[in-house]
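> sharing a model that was predicted from the sequence below.
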Protein chains: 2
Amino acid sequence: MKRITIPKATVARLPVYLQCLESLPGQSATVSSETLANIASVTSAKVRKDLSYLGSHGVRGVGYDVEQLCLLIRKELGLTEDWPVVIVGVGNLGSALANYGGFGSSGYRVVGVYDADPSKIGRGIGGLIVRGLADLSGDVESNRVSIGIITTPASAAQEIAELLTTAGVGSILNFAPVVVRVPPTTRVRNVDLATELQILSYYSVQAR
Amino acid sequence: MKRITIPKATVARLPVYLQCLESLPGQSATVSSETLANIASVTSAKVRKDLSYLGSHGVRGVGYDVEQLCLLIRKELGLTEDWPVVIVGVGNLGSALANYGGFGSSGYRVVGVYDADPSKIGRGIGGLIVRGLADLSGDVESNRVSIGIITTPASAAQEIAELLTTAGVGSILNFAPVVVRVPPTTRVRNVDLATELQILSYYSVQAR
DNA sequence: AGCTGTGAACATATTCACAGCC
DNA sequence: GGCTGTGAATATGTTCACAGCT
């Protein structure tokens, strides 16, 4: 058992493993690296190496205890904590995310939804009332919000990213099709439909 | 100029460069690797190496011709072609994507939206009528659809992935929170909100 | 002088293959 | 016998640093 930092590539796979483990039928108390690998569409060596970064918790000849492994991964990912998030931009996507139920189940809790458009402010959505951008900073601070989700048009994203970081958000999940510039201590992940489609079409062309 | 295959990591960045180039003010006819790197939040060496895989098109002492570079990247990504896509699952997210305007602009064209729920079939959405799953295979074949987007609940995703691959779709963009198993020749990209949030919270924990 | 293109050095990630334990 | 844990080997990706062109 080492106590070095977990590689990025491994961190990105832990949520996938967790998802796979949670989808396992209740009766399977243990799981082998081979089985988990198949479900997650990776190799068994990868699974073993990834899990070894969390410490040696498997049993040779048997496999990993599903329950224990889930807990271990959840703990590693910080899912035992509460993560208040805000969503900025109440368009189609922002509404979809605000209405998405999967948040509460795992520590993520939408504590506010915001929009610049006065006609949207005051509307109810996903059990919350849409608020104006003027309220964003204060809300982030008072709720100790650590993750901000940007679902605005590209043109507004940079401004919102700055509002969020200034207010103290440490991580941003950006759905706007633009690269936002943030201070080096802020973590950003970009999710962009066009980008994903373009990567797919590249490989589609190559495949023939 | 080499003619080897472009590294995956580079392919994943090309759409980002393209996005950055397209957002450049019209008057800038050329761009240096340094400038592009700043906008894209990467290093200039990365930009140069990435672009070198497309051939040597920069001018020393000057930079890259913006127009020419855009065209080059678009061509490399296959954006000069038409990519008919289908969306399966008309929940919040599926509706959001169907209504998303950014498709048409770059070769991606939603030619069909599908849902298993009879109460949704027949509804209009994003200029299309929701159709039943029974129509999916035939439509995919007759429209030569190469990319399928899955926005169903997790429980339905595997079945839909199989319908899509059997019908001849070569690439799948999966928004359902589950890893779908597909034949090795099919390309899948997963976009999952929970996964992204979990990666962010991991690093948020580490940061303190 | 300024900026590209690229080998060489380095860092990260994956795979192999097998010793070690149940 | 079955399956983990992990060094060693390999492959992929990034950064450096500078020659070479305009």
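On my side now, so go ahead.

> three-state assignment of A:Val85?
Secondary structure, DSSP: H, G, I helix; E, B strand; the rest coil: A:Val85 is strand.

> what does A:Asp117 give?
coil.

> mind listing what it touches?
By C-beta atoms under 8 Å, 6 or more residues apart in numbering or on different chains, A:Asp117 lies in contact with A:Val90. For glycine as for every other residue, the C-beta is placed from the backbone atoms N, C-alpha and C.

> from B:Val47, how far off is it?
36 Å (C-beta to C-beta, to the nearest Å).

> kindly report the same for A:Val205.
Counting by C-beta to C-beta, the gap from A:Val205 to B:Val47 is 23 Å.

> with neighbour numbers in mind, choose between the two.
Just comparing A:Val205 and B:Val47: by other C-beta atoms under 10 Å in any protein chain shown the higher neighbour count belongs to B:Val47, 25 against 17.

> so who does that one touch?
B:Val47 neighbours (C-beta under 8 Å, 6+ apart): B:Tyr17, B:Ser33, B:Leu36, B:Ala37, B:Ala40.

> redo the residues you listed as a markdown table? Include secondary structure, neighbour count and distance to chain A.
Shown next, in a markdown table, are the contacts of B:Val47 (DSSP: H, G, I helix; E, B strand; the rest coil; neighbours: other C-beta atoms under 10 Å in any protein chain shown; distance: C-beta to the nearest C-beta, whole Å):
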| residue | secondary structure | neighbour count | distance to chain A |
| --- | --- | --- | --- |
| B:Tyr17 | helix | 24 | 10 |
| B:Ser33 | helix | 20 | 16 |
| B:Leu36 | helix | 25 | 11 |
| B:Ala37 | helix | 19 | 11 |
| B:Ala40 | helix | 21 | 6 |
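
> show me how chain A divides into domains.
Using automatic domain parsing, the domain ranges for chain A come out as A:8-76, A:83-195.

> please work out which of those is packed deepest.
Comparing the domains of chain A by mean neighbour count (mean count of other C-beta atoms under 10 Å in any protein chain shown), domain A:83-195 ranks first with a mean of 19.

> show the average pLDDT along that domain.
Averaging pLDDT along domain A:83-195 gives 94.

> ditto for stretch A:33-49
For stretch A:33-49, the per-residue pLDDT averages 98.

> what backbone torsions are found at the residue nearest the centre of chain A?
The centroid of chain A falls nearest to A:Leu173 when counting by C-alpha atoms, centre = their mean (7.6 Å). Main-chain torsions, A:Leu173, degrees, to the nearest 10: phi -110, psi 110.
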